[in-house]
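[1] using only what follows, build the 3D model:
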Amino acid sequence: MKKSSSTRASQLALALAATGLMASNSALAQSGEVNVICSAQAAWCSMIAVTFEKSQGVKVNMTMKGSGEAIAQILAEKANPKTDVWFGGTGDPHLQAAEQNLTLEYKSPTLPKLHDWAQQQAKQSGYKTVGIYSGPLGFGYNTELLAKKKLAIPKTWNDLLKPEYKGEIQSANPSSSGTAYTMIATLVQLMGEDQAYEYLKKLHKNISTYTRSGTGPIKAVARGETSVSISFVHDGPGEKAQGFPIETITPADGTGAEIGSMSIVKGSRNLTAAKQFYEWALTPSAQALGAATLQFQLPSHKETKVDPRVPDFKKIKLINYDYAKYGQTAERKRLIQRWEKEVNSLPQ
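    Got it, this is the predicted structure:
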């Protein structure tokens, strides 16, 4: 059952109170603005914008785009930047933006309080991005549809190639989605490149739709539009909490994980407000807003309270994902072009 607008309003008020971010009336006067591209889930993006405005007195002009579309926009606006901060989305495109000198070097004083993986993300980018959350790649599945169609729960990557899954799987398109690019990079590292593309060709036969956004497939699973998705598994519990018949699983043969990141755009017109937003977004109280909007990634600040619905990384077989290599612009472009040429061009 979906939440009513009054429920969402109550949820927002509770989150604001719980995180200690309620501002006094005098602080509510607007003092500046910040333009943010948000590549996280829409509810989380909205909560961030409203909470930051109310607590910090800075107007937030927010647009929501997948990470692939976000970096394309920032690149297109390089000569005349209109964005100040890019929040969320998979870390690889943030590393590519850093490599292309699209983002600003900024070493936050909060860095020592972040998990090692978040600090490493900052270090390897030359401090032009920072990790704000992490989440593993896996499968979402609709329990009712699998039971109705007598389909087994997929437990490995190879399970997705079974003929009974033909037309039952959705994945995102790597040209627009960081989630899908993470899938390709994960498979390349897990299987070897040539074998990974042979796998993707076989998987293509079972894919019903390649969505534009990375969250599209798991939302389709939750709503009974498809049986299985290739998704970040932290997106599943939020759908389940709304009453949808969905569960998630990570492949037993190994998987990768994203490091969702945040970057300040080079040439920001509102740099003071951008840094203010950046620092605020790294606080435990701000990071707790993810779980408040049913987003269950692992927060990067060590002191942020972790919701029990966040995936337990200790129970997941994770590969040693090479974020530096697969965050390179040339590598991303090459792998996606190969996918377009060898996989997406095939009939289904």
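
[2] what's the neighbour count on the nearest residue to G32 once chain neighbours are set aside?
    Spatial nearest neighbour of G32, chain neighbours left out: A273 (4.5 Å); criterion: Cβ to Cβ, 6 or more residues apart in numbering. (C-beta placed from N, C-alpha, C; glycine too.) Using other Cβ atoms under 10 Å, A273 has 23 other residues around it.

[3] just the one 10 residues further on next, same as before
    Here the count is done by other Cβ under 10 Å, and T283 has 17 residues near it.

[4] isn't C45 up against A70?
    No. The criterion here is Cβ atoms under 8 Å, and C45 misses it with A70 at 11.9 Å.

[5] the more surrounded of these two?
    Legend: neighbour count by other Cβ under 10 Å for C45 and A70, higher for A70 (26 against 22).

[6] mind pulling up the pLDDT for L21?
    For L21, the pLDDT comes out at 42.

[7] ok, Q11 next?
    Confidence at Q11, expressed as pLDDT, is 50.

[8] next one: the residue nearest to G32 from C38, what distance?
    15 Å (Cβ to Cβ, to the nearest Å).

[9] picking that back up, does the residue nearest to G32 touch E33 like I think?
    Yes. Counting by Cβ under 8 Å, A273 does reach E33; the two are 6.4 Å apart.

[10] output the contacting helices and strands for the strand or helix carrying the residue nearest to G32.
    A273 belongs to helix 271-281 when assigned by DSSP states H and E. The contact analysis (3 or more Cβ pairs under 8 Å, 6 or more residues apart in numbering; DSSP states H and E) places helix 271-281 against strand 33-38, helix 42-56, strand 85-87, strand 257-264.

[11] export these as a markdown table, with columns for distance to S229 and mean pLDDT.
    Output for the helices and strands packed on helix 271-281, formatted as a markdown table (distance: least, Cβ to Cβ, whole Å; pLDDT from 0 to 100):
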| stretch | distance to S229 | mean pLDDT |
| --- | --- | --- |
| strand 33-38 | 22 | 98 |
| helix 42-56 | 18 | 96 |
| strand 85-87 | 24 | 98 |
| strand 257-264 | 15 | 97 |
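
[12] winner for burial among these?
    strand 257-264 (a mean of 29; mean count of other Cβ atoms under 10 Å).

[13] what angle separates it from helix 271-281?
    Compare the direction of strand 257-264 with that of helix 271-281 by axes from the mean of the first three to the mean of the last three Cα atoms, to 10 degrees and you get 150 degrees.

[14] how far away is I319 from G138?
    13 Å.

[15] again but with A324, I slipped
    From A324 to G138 the distance is 23 Å (Cβ to Cβ).

[16] neighbour-wise, which of these two wins?
    For A324 versus G138, the count of surrounding residues by other Cβ under 10 Å is larger for G138: 25 against 16.

[17] so the more buried one is in which element?
    strand 130-142.

[18] now the next helix or strand after that strand, how far from the chain's geometric center?
    Next helix or strand after strand 130-142 toward the C-terminus (DSSP H and E): helix 143-148. When C-alpha coordinates are averaged (Cα atoms, centre = their mean, to the nearest Å), helix 143-148 and its chain have centres 27 Å apart.

[19] again with stretch 116-136
    14 Å.

[20] between the two ends of it, what distance do you get?
    16 Å (Cα to Cα, to the nearest Å).

[21] now do the contacts for the residue nearest to E303 when sequence neighbours are not counted.
    Computed as Cβ to Cβ, 6+ apart, the closest residue to E303 that is not its neighbour in sequence is P284, at 4.6 Å. P284 makes contact with 299, 301, 303-305, according to Cβ atoms under 8 Å, 6 or more residues apart in numbering.

[22] list the buried ones in stretch 193-210?
    196-197, 199-200, 203-204, 206-210 (16 or more other Cβ atoms under 10 Å).

[23] restricting to C-alpha, output it in CSV.
    What follows is stretch 193-210, C-alpha atoms only, in CSV (Å, rounded to 0.1, in the frame of the first residue of the first chain):
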residue,chain,number,x,y,z
GLU,A,193,36.2,-9.4,-20.6
ASP,A,194,35.5,-11.7,-23.6
GLN,A,195,33.7,-14.2,-21.4
ALA,A,196,31.7,-11.5,-19.8
TYR,A,197,30.5,-10.2,-23.2
GLU,A,198,29.6,-13.7,-24.3
TYR,A,199,27.5,-13.9,-21.1
LEU,A,200,25.9,-10.5,-21.8
LYS,A,201,24.9,-11.8,-25.3
LYS,A,202,23.2,-14.8,-23.8
LEU,A,203,21.5,-12.7,-21.1
HIS,A,204,20.2,-10.3,-23.8
LYS,A,205,17.9,-13.0,-25.0
ASN,A,206,16.1,-13.0,-21.6
ILE,A,207,15.9,-9.3,-21.1
SER,A,208,12.5,-7.8,-21.8
THR,A,209,13.5,-4.1,-21.4
TYR,A,210,16.5,-2.0,-20.9
